[in-house]
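*Asks:* Whatever this is, show me its structure:
(one chain, ligands or ions: 2)
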Amino acid sequence: MTTHVFVATDGSETANKAVDMAADVAAKFGVPLTIGHVLQYGRASEELARMADVEHLVEHVTRKAGFDFANVPDTMLGLFEETRPGNDSVRVITLIGEETLARAADRAKAREAERVTTVSSEGDAADAILDMAADAGADIVVVGHRGLGRLKTALLGSVAHKVVQQAACTVVSVR
Ligand SMILES: Nc1ncnc2c1ncn2[C@@H]1O[C@H](COP(=O)(O)OP(=O)(O)OP(=O)(O)O)[C@@H](O)[C@H]1O
Ligand SMILES: [Mg+2]
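*Replies:* Numbers count the residues shown, from 1 in each chain. Ligands and ions are numbered 1, 2, ... in the order given. Next comes the predicted model:
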């Protein structure tokens, strides 16, 4: 029986598909949905440049952070070039995470999932996903089969792979 659905998103197109699928399952069974994101502090902006709808995201984050740039950057790379390492980049990563979760929650609600909660964490992505899912009491975990990473040699991304291997409950990896 499915009583609580958990979905992990890194803001990629594939993760968006995972969110849609998880929302449909939650809506169909009338059960709560928790959406989780693992903050990737210290991660290259190159991966973040592959997030869905990145231009709007950059604009939103620049505005929210209250940065006083002469020109608002229009790419993720530009945003990281303008921000100083340290507090500024921590703030950017935190805001990107918040916005990723807010967008995913909107997607899920648009698909009639009713009880939607968002959570974030940090550290090893797969470990954090499994911990957040367990804390939520989820009995099904949904991930995308790929994410923002560039290496596409393996069939499954490393985070999705580790989640499938280590989860105590059912895992769905969405294509
Ligand atoms: N930081 C994260 N926070 C939440 N979910 C994540 C995170 N990273 C990955 N995921 C989940 O795992 C899925 C697969 O991503 P994964 O990172 O395994 O693939 P990849 O980025 O293509 O490859 P790799 O990271 O191994 O280079 C994503 O669609 C998402 O559901
Ligand atoms: Mg990845």
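*Asks:* Let me know whether A136 touches A8 as I believe.
*Replies:* No - judged on C-beta atoms under 8 Å, A136 makes no contact with A8 at a distance of 11.3 Å. In this view, the C-beta of every residue, glycine as well, is placed from N, C-alpha and C.
*Asks:* From the neighbour counts alone, determine which of the two ranks first.
*Replies:* For A136 versus A8, the count of surrounding residues by other C-beta atoms under 10 Å is larger for A8: 29 against 19.
*Asks:* Could you list which residues are in contact with that one?
*Replies:* 15, 18, 35-38, 125, 129, 132-133, 141-143, 159, 163 (C-beta atoms under 8 Å, 6 or more residues apart in numbering).
*Asks:* same deal with V61?
*Replies:* 79, 92, 95-96, 99 are the contacts of V61 under C-beta under 8 Å, 6+ apart.
*Asks:* ok, and which of the contacts of A8 reach ligand 2?
*Replies:* Among those, no residue is within reach of ligand 2 (C-beta under 5 Å from the ion).
*Asks:* Could you point out which of the residues you listed is nearest to P85?
*Replies:* P85 has its nearest neighbour among the contacts of A8 in V38, at 20.5 Å by C-beta to C-beta.
*Asks:* mind checking how far stretch 145-153 is from the chain centre?
*Replies:* 14 Å (C-alpha atoms, centre = their mean, to the nearest Å).
*Asks:* Counting neighbours, which bits of that stretch end up buried?
*Replies:* By 16 or more other C-beta atoms under 10 Å, the buried positions in stretch 145-153 come out as 145-148.
*Asks:* do the same with stretch 41-61
*Replies:* Judged by neighbour count using 16+ other C-beta under 10 Å, the buried positions of stretch 41-61 are 45, 47-52, 54, 57-58, 60-61.
*Asks:* Now do the shared contacts for A136 and A8.
*Replies:* In contact with both A136 and A8: G36, using C-beta under 8 Å, 6+ apart.
*Asks:* How about residues contacting stretch 66-79?
*Replies:* Residues from elsewhere that reach stretch 66-79 (C-beta under 8 Å, 6+ apart): 45-46, 48-49, 51, 54-55, 57-59, 61-62, 81-83, 88, 92.
*Asks:* Quick one: neighbours of M21, just the number.
*Replies:* 18.
*Asks:* Ok, R107 next?
*Replies:* For R107, the neighbour count with other C-beta under 10 Å is 18.
*Asks:* State the distance from it to V61.
*Replies:* Going from R107 to V61 by C-beta to C-beta, to the nearest Å gives 19 Å.
*Asks:* same question, V38
*Replies:* According to C-beta to C-beta, V38 stands 18 Å off from V61.
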